[in-house]
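Trainee: sequence and predicted model, in that order:
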Amino acid sequence: MAQSVWHEDEAFWDTFEGYVFAPEVIEKAPAQIDHLLSLLDLPDDGVVGDVPCGVGRHAVELADRGFRVTGVDATASYLSRASERARERGVSERTEFIHEDMRDVSRPNEFDAIINLYTSFGYFEDRADDERTARNFYDSLRPGGTLFMSLTSKETLAGKFEQRTWDERDGTYFLEEHEITDNWSWMENRWIVVTDEAVQEFTVSHRLYSAYELTTLLQRVGFEDVSVYGNLDGDPYDENAAHLVIVATK
């Protein structure tokens, strides 16, 4: 049996859950949703897709504000955390969590908005899979609906690239090595977690997009109005940009 790629490996996501979704990351969700909503024009009872939703930090926050939310993720354990979080916040009736690969999720004309955050686009080696995912986003939006994306781009990465980084959390060490390949179109990462019991290593890779390239892709699948920002505050996408933020309207 062929070995699954990193983003299909539940062991990877389970191992790095406490790193990727550290408490300080979870705590940022309310402020991030504040900024996101300031850039969107959503009805008070709007329907939102969170793809992928991870452990549900944004999905539950949106549901707590009255929206109906469908969270999609390929990691079953994360969906369990998301469902638990929704129950704890008392918003289970406004949330739905689906165990599915985002390449396969299409719900025609269902959502007022779809959010794709935390550099969760470009995992797939075949560019056609990225376009397929973007087309699913487009098809799943209602007319006038909006896609909101936030990710690290070529431009923002170039200004802060570090070949090696490390972090320590509660006695566990997380080490990363980064390499830009294929003429700045692909990022190869070596992620290592060191505990008293074991050392685990994973290879993590994803495509890098420039603002122009991602805008062009979204226009190709049907989005006509695509706006680009440099952060969640809606500041210009210039040399000071922290992230690539895309707001694309169907």
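Mentor: Good, I have the coordinates. Numbering: from 1, shown residues only.
Trainee: can you list the domains in this protein?
Mentor: Domain assignment of the chain by automatic domain parsing yields the ranges 6-151+209-249, 157-204.
Trainee: these two touch, right, Val194 and Tyr173?
Mentor: Yes. Look at Val194 against Tyr173 with Cβ atoms under 8 Å: they come within range, at 4.2 Å. Bear in mind the C-beta positions are built from the backbone N, C-alpha and C, glycine included.
Trainee: those two - which one has more neighbours?
Mentor: A count of neighbours by other Cβ atoms under 10 Å puts Val194 above the other of Val194 and Tyr173, at 16 against 13.
Trainee: what's across from the more buried one in the sheet?
Mentor: Tyr173, Val199 (DSSP bridges).
Trainee: where does this structure dip in pLDDT?
Mentor: 1-3 (pLDDT under 70).
Trainee: residue ranges of the helices in it, please?
Mentor: 10-15, 17-20, 23-27, 29-39, 57-64, 76-89, 127-140, 154-158, 211-220 (DSSP state H).
Trainee: can you say which of the domains of the chain is packed in most?
Mentor: domain 6-151+209-249 (a mean of 18; mean count of other Cβ atoms under 10 Å).
Trainee: quick one: end-to-end length of that one, please.
Mentor: One end of domain 6-151+209-249 sits 31 Å from the other (Cα to Cα, to the nearest Å).
Trainee: quick one: it to chain centroid distance?
Mentor: 5 Å (Cα atoms, centre = their mean, to the nearest Å).
Trainee: what do you get for stretch 159-169?
Mentor: On Cα atoms, centre = their mean, the centre of stretch 159-169 falls 20 Å from that of its chain.
Trainee: what's that stretch in contact with?
Mentor: For stretch 159-169, contacts defined as Cβ atoms under 8 Å, 6 or more residues apart in numbering pick out Gly18, Tyr19, Ala22, Tyr173, Phe174, Leu175, Glu176, Glu177, His178, Glu179, Ile180, Glu239.
Trainee: mind putting those residues into TSV with distance to Ala29?
Mentor: Below are the contacts of stretch 159-169 laid out as TSV (distance: Cβ to Cβ, whole Å):
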residue	distance to Ala29
Gly18	16
Tyr19	17
Ala22	12
Tyr173	26
Phe174	21
Leu175	26
Glu176	23
Glu177	29
His178	26
Glu179	31
Ile180	30
Glu239	28
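Trainee: nearest to Asp130, of the residues you listed?
Mentor: Nearest to Asp130, judged by Cβ to Cβ, of those is Ile180 at 18.1 Å.
Trainee: nearest spatial neighbour of that closest one, chain-adjacent residues omitted?
Mentor: Leaving aside its sequence neighbours, Ile180 sits nearest to Met187 (Cβ to Cβ, 6 or more residues apart in numbering; 6.2 Å).
Trainee: hmm, back to that, so which of the helices of the chain comes closest to Arg107?
Mentor: Using Cβ to Cβ, these put helix 127-140 closest to Arg107, at 4.7 Å.
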